[in-house]
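> Kindly generate the corresponding structure for this input.
(one chain, ligands or ions: 2)
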Amino acid sequence: MKNIAIIGASGYTGAQITSLIDAEPELAIQGLYVSENSLDKGRPLADLYPVYSHIDLCLSPLTAEAKEKILDEADAVVLATEHSVSLELAAWFYEQGLAVFDLSGAYRFADTAQYPKWYGFEHSHPEVLAEAVYGLAEWNAPQIAASRMIAVPGCYPTASLTALKPLAALLGPARPVINAVSGVTGAGRKAQLHTSFCEVSLTPYGVLGHRHQPEIATHLGQEVIFTPHLGNFKRGILATITVQLKPGTTEADIASAYGVYDTAPLVTVKHNQFPKLDDVVHTPNCHLGWKFDAASGYLVVASAIDNLMKGAASQALQCIKLHFAL
Ligand SMILES: NC(=O)C1=CN([C@@H]2O[C@H](COP(=O)(O)OP(=O)(O)OC[C@H]3O[C@@H](n4cnc5c(N)ncnc54)[C@H](OP(=O)(O)O)[C@@H]3O)[C@@H](O)[C@H]2O)C=CC1
Ligand SMILES: CC(=O)N[C@@H](CCC(=O)OP(=O)(O)O)C(=O)O
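Ligands and ions are numbered 1, 2, ... in the order given. Presented below is the predicted three-dimensional model:
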């Protein structure tokens, strides 16, 4: 049995992973935590999320004493906290010997120069960053098993990289063009004007400047054009990606490249059939569909995931299971 502390448990990804860990027979929840001065400290999780009324646990403030208790009792922490909070907590728990599964972007780039530009901070823990592994579960399983510091990928990068990484050897020089639409839970639970009901309307944002563009490029090994869109629905990401493949590439080459997922139970690949969000929301699955125009060499591949599941919590659970060999 492995004991897991969940920090940021009142947020969307934190509550989601709480429900997933609660359902795992070989995992136990050491505790659920929010910030020291949180308005939700002391409240039952089920007060915030009645759907989880079967989970009889309260949200505790992450005090100095609580951190010591976590060290005594837990094997690992899940950080479902914003980047700057994860930056410090991850380093502290890692250095004390726990395994860390961080849902934020604070440990996803090996290159410290990326953080001031994309996250607005200097990376204060380069020695811990050097140990971090990118938790793209279908691609980095041996590294996830071997490291105690796992940076769980962002939601858009998970959808995009799952579609593009099999094609890496077939890509021509043109940048893949990724257009992706996310549900509003992707922006987290806290109130913000741009995510309020009357404000949300399908629109691009972060054009030519979203931090997931370099995350995708870094872990693909090729520059991309990435345009996210906010849609007026709650959960899910659909990324529709256009790529030009090397001259001479055939449908058989593409089918063979996607054969890498034949042994991946959570990734389904279809030829000439495209995924729908309704088929993946509330599941840990990624559905891919592709079509190729041999005359022009252009391929369109669509990738659908649930941003809170495969894009965050269920991928973190995959990483926990890989790490602890469960
Ligand atoms: N939403 C999504 O689809 C995805 C999110 N992510 C990443 O996961 C992380 C969490 O995202 P999300 O769940 O959406 O965020 P939310 O805003 O919904 O939740 C954030 C949680 O962190 C808690 N928190 C804030 N400050 C602290 C602190 N100092 N110590 C302990 N807990 C704290 C909050 O509670 P309180 O403020 O009451 O203390 C809340 O429980 C972020 O880094 C995000 O970028 C990654 C992939 C997908
Ligand atoms: C709809 C929405 O706002 N989505 C978030 C991405 C959520 C995610 O994956 O988060 P991190 O990479 O920050 O962990 C955004 O565009 O900032």
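> residues from the stretch 151-300 of the chain in reach of ligand 1?
The stretch 151-300 of the chain has residues Gly154, Cys155, Thr185, Gly186, Gly188, Arg189, Lys190 near ligand 1, with proximity defined as CB under 6 Å from any ligand atom. Where C-beta positions appear, they are placed from N, C-alpha and C, glycine not excepted.
> among those, who's most crowded?
Highest neighbour count within those, by other CB atoms under 10 Å: Cys155, with 29 neighbours.
> so what's the closest residue to that residue other than its chain neighbours scoring on pLDDT?
Excluding the flanking residues, the one nearest Cys155 by CB to CB, 6 or more residues apart in numbering is Gly311, at 2.9 Å. Looking at Gly311, its pLDDT is 98.
> Run through the neighbouring helices and strands of the helix ranked longest in the chain.
What stands out as the longest helix in the chain, according to DSSP state H, is helix 83-95. Helix 83-95 sits against helix 64-73, strand 76-79, strand 99-102, helix 126-129, with contacts defined as 3 or more CB pairs under 8 Å, 6 or more residues apart in numbering; DSSP states H and E.
> what about these, which gets the closest to Asp56?
Closest to Asp56 of the helices and strands packed on helix 83-95 is helix 64-73 (CB to CB; 17.8 Å).
> Quickly check: the closest one near ligand 1 or not.
No: Helix 64-73 lies apart from ligand 1 when judged by CB under 6 Å from any ligand atom; the minimum separation is 9.7 Å.
> try stretch 121-140
No: Stretch 121-140 lies out of reach of ligand 1 by CB under 6 Å from any ligand atom, never closer than 11.1 Å.
> what about that stretch, near ligand 2?
No: if you take CB under 6 Å from any ligand atom as the test, stretch 121-140 misses ligand 2, and the best it gets is 11.8 Å.
> Just say helix, strand or coil for Lys291.
strand (DSSP: H, G, I helix; E, B strand; the rest coil).
> Sorry, wrong one. I was asking about Ile178.
strand.
> Please report how far the residue of the chain found nearest ligand 1 lies from Thr249.
Closest residue of the chain to ligand 1, CB to the nearest ligand atom: Gly11 (1.9 Å). Distance, Gly11 to Thr249, by CB to CB, to the nearest Å: 43 Å.
> what's the answer for Ser256, then?
11 Å.
> With Gln30 instead?
Taken as CB to CB, the span from Gln30 to Thr249 is 50 Å.
> Ala132 now?
34 Å.
> what about these two, which has more around it?
Set Ala132 next to Thr249 and count neighbours by other CB under 10 Å: Ala132 wins out with 23 against 20.
> can you pull out the helices in this protein?
Under the criterion DSSP H, the chain contains helices at 12-22, 45-48, 64-73, 83-95, 114-119, 126-129, 141-146, 155-164, 212-220, 251-258, 314-323.
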